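**Student:** Fold the following for me, if possible:
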Amino acid sequence: MKAGSPSRAARVSRAIKLCGTEQADGVGRMLHAGPLTVELDNGNLRYLHVAGVEVLRGLAFLVRDENWGTYVPALADLAIEQRADSFTVTYRADCQRGKQSLRYEVRIEGHGDGSLIFSGTATPATEFLTARTGFVVLHPLKGVAGEALEVEHTDGKVESSTFPALVDPVQPFLNLRSLTHQVLPGLKAVVRMEGDTFEMEDHRNWTDASFKTYVRPLSRPWPYKLKAGEAVRQSVSLTLVGEAPKAGGGDTGKSIEITLGKATDARLPAIGLGMPAQEIDAALASIDLLKRAAPRLLICHFDRREGHGYKQLQGYRRLCEETGAECELEIVVESLYAFDAELTNVASWVREAGLKLSAVAVCPVGDLKSVLPGGKRPPAPPLADLYRAARAAFPDVRLGGGMFSFFTELNRKRPPAKLLDFAHNGTCPIVHAADDRSVMETLEALPFQVQTARSFIGDTAYRIGPSAIGCRDNPHGKTFTPNPGNERLCLVNADPRQRGLFGAAWSLGYVASLAATGIETLCFGAPTGPLGIIHRASESKVPCFDSPGQGGAVYPAYHVVAGLTRGAGAALVEAKSSDDARVRCLAYRAEGATLLWLANMTAQVQTVSVAHRGKAPFGIVLDEASFEEAVTRPAAFEADVKPLDTGQLVLGAYAVALACINDR
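**Tutor:** As a prediction, this is how the structure comes out:
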């Protein structure tokens, strides 16, 4: 049967096309109390608004396992009473893993004056190992970062301060009892927390789009055990002080307007891919597709603890020669004292393998795992000495340093950047939350990370990646969260959305968020495998791609990566979306035309209008209708260019469009 025919396409469900999983990720129920509107989502609250202004991003009672993975509780006896001007919610929730079991009971009350109280009582049925059990309060970034904040501490003292403008590497506020900030002129919100000592961390460290206030100080040991039958009782209240307007907000059904301006001096960064050693054979088996994607850079991972040696270096050489990509060798340094000899040995293997390097990046084993503020760091060589040894071993290539994990670790252990040619870190959007909207919201935090890095690396070049939706490593625990059910879970390596239209939209949004920040390169996860853009068979069955008769060659994100690699160095064009939470845009100049990328960041249909000069645009749309051809016949899909009505372009859920606008 021909690829893309209706009968074949019908066998691929909409859920798989969009997110790679049949697991539902629906929107919660809206509730209101006086001027306050909130969304009840799986027992917790999201998007607390007053008159269309976001007061809190979230308010939740959470249970995390010993590796910081978040339990998805089973709710029971859920009762929701929405009255004319108030509401009440009650339920119980069960968290179970192996022989461990915990139940908590919740009551949420919203009142006519816009106040709210959320109380929770957790009682373990068995001894229960946890990294955190209790409340989390999320303040949004917009209208909050850098703005005034009144802080009340547990000893009753009150201080006037501000939310951090740059990303704070540690907790900006400790021993908290309440937080007060301005929502609108003449209106303040007071959040009060009872039952334990709370503190705040800057969630932007992990790309979460919020400031998080949480229970149990990080100075106390973790993971910790809750005793069977011993209840944990906490509550959080929200009170509005001042004149509160009636509830209201923007029209989310309104068309998105894209405004294009002039070309700028900023350039589209080079786009590359991570190259895990375990994916060498699969990448070589798909070399034609990888060559077509044309990554400008391959970050080739080298770790002697994993048995990497001459064979892996030969594989990297073949891949770089075949694709024409530059090679950055990412070396995990094992030795504490003999690191100079270790690096010299690696350099000799590189020469013997014939691998030509454009750059080398080094990171000690001791810096691979996260260290909580105030915690004792694992032993590691002094970075200045390590960098000098790397320069001596690899004298003719650029040197990078920083972290192979998240920005959090780079921010907490800032390298001597003057000794480097570039600093680097990766990111992951599923550290603390794994639902679709939270993942997309992480894009808000990326420019803050770059701005913060610039504050301590100065003019040293900055590279980001390899990054994907899934984790390339879990610096917070021993391993990844298992994902046998192909679900949306925190801290997993194999996130199903990497294979869906969601992954393409997220990838475009990722580049759009970072393109104008001045970073040197941006690398996505891998060519193949769970972090990849090209499908390969694995021990776990992948819906659609591994089904008989429905095999696919590439994931939708492949087309975003392949398209953007061709634009490296192009002049960026001013492009602004009227609502980038719904539609992200990216534009640049190429051969006398403006290439405009658009991505629907939501599960709802969005209508987009683009004001432009020149001829009617043409291009391609990657959506549910084109999914089958895009994944099975990538070359044919990209060649099927059609006129686009950018006066009213309809983008389906997580659709991506590329429009070519000729000036003449």
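**Student:** Skipping its backbone neighbours, what lies nearest residue 165 in space?
**Tutor:** Counting by Cβ to Cβ, 6 or more residues apart in numbering, residue 165 lies nearest to residue 146, which is 3.7 Å off, once chain neighbours are set aside. In short, each C-beta sits where N, CA and C put it, glycine included.
**Student:** I meant residue 176, not that one.
**Tutor:** The shortest distance from residue 176 to any non-neighbouring residue, by Cβ to Cβ, 6+ apart, is to residue 198 (4.3 Å).
**Student:** Low-confidence ranges, this protein, go.
**Tutor:** Scanning the chain for pLDDT under 70 picks out 1-10, 247-253, 539, 547-552, 614, 664.
**Student:** For the residue nearest to residue 165, which residues are in contact?
**Tutor:** 162-165 (Cβ atoms under 8 Å, 6 or more residues apart in numbering).
**Student:** Out of the residues you listed, who's the most crowded?
**Tutor:** residue 163 (21 neighbours; other Cβ atoms under 10 Å).
**Student:** residues in contact with that residue?
**Tutor:** Here residue 163 is in contact with 139, 144-147, 149, 172, 181, 211 (Cβ under 8 Å, 6+ apart).
**Student:** now do residue 440
**Tutor:** So residue 440 contacts 505-506, 509, 581, 601-602 (Cβ under 8 Å, 6+ apart).
**Student:** Can you give the distance of stretch 462-474 from its chain's centre?
**Tutor:** Here the centre of stretch 462-474 is set off from its chain's centre by 9 Å, with Cα atoms, centre = their mean, to the nearest Å.
**Student:** mind starting the numbering at 22 from now?
**Tutor:** Sounds good: first residue 22 from here, last item stretch 483-495.
**Student:** For the chain, which segments are assigned as helices?
**Tutor:** Assigned by DSSP state H, the helices in the chain fall at 27-30, 35-40, 301-306, 308-314, 331-344, 360-374, 404-414, 428-433, 457-462, 467-478, 522-535, 578-586, 648-653, 655-660.
**Student:** give me every residue that touches the residue nearest the centre of the chain.
**Tutor:** Central residue of the chain (Cα atoms, centre = their mean): residue 450, 2.0 Å from the mean position. The contact partners of residue 450, by Cβ under 8 Å, 6+ apart, come to 228, 459-460, 463, 490, 527.
**Student:** As a markdown table, these with distance to residue 178 would be great.
**Tutor:** Below are these laid out as a markdown table (distance: Cβ to Cβ, whole Å):
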| residue | distance to residue 178 |
| --- | --- |
| 228 | 33 |
| 459 | 34 |
| 460 | 38 |
| 463 | 34 |
| 490 | 43 |
| 527 | 43 |
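**Student:** and the gap between residue 225 and residue 413?
**Tutor:** Using Cβ to Cβ, to the nearest Å, residue 225 is found at 37 Å from residue 413.
**Student:** Apologies, that question was intended for residue 497.
**Tutor:** Between residue 497 and residue 413 the computed distance is 34 Å (Cβ to Cβ).
**Student:** Between these two, which has more neighbouring residues?
**Tutor:** It is residue 497, of residue 497 and residue 413, that has more neighbours when counted by other Cβ under 10 Å, with 21 against 12.
**Student:** Please list all residues in contact with the residue lying closest to the more buried one once chain neighbours are set aside.
**Tutor:** Take residue 497 and drop its neighbours on the chain: the residue closest to it by Cβ to Cβ, 6+ apart is residue 89, 4.6 Å away. With contact taken as Cβ under 8 Å, 6+ apart, residue 89 is in contact with 152-153, 452, 497-498, 511-512.
**Student:** ditto for residue 551
**Tutor:** Going by Cβ under 8 Å, 6+ apart, residue 551 touches 491, 514-516, 519, 559.
**Student:** now the residues you listed in JSON lines, with distance to residue 639 and neighbour count?
**Tutor:** As requested, the contacts of residue 551 are exported to JSON lines (distance: Cβ to Cβ, whole Å; neighbours: other Cβ atoms under 10 Å):
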{"residue": "491", "distance to residue 639": "34", "neighbour count": "26"}
{"residue": "514", "distance to residue 639": "39", "neighbour count": "19"}
{"residue": "515", "distance to residue 639": "37", "neighbour count": "23"}
{"residue": "516", "distance to residue 639": "33", "neighbour count": "31"}
{"residue": "519", "distance to residue 639": "29", "neighbour count": "27"}
{"residue": "559", "distance to residue 639": "38", "neighbour count": "14"}
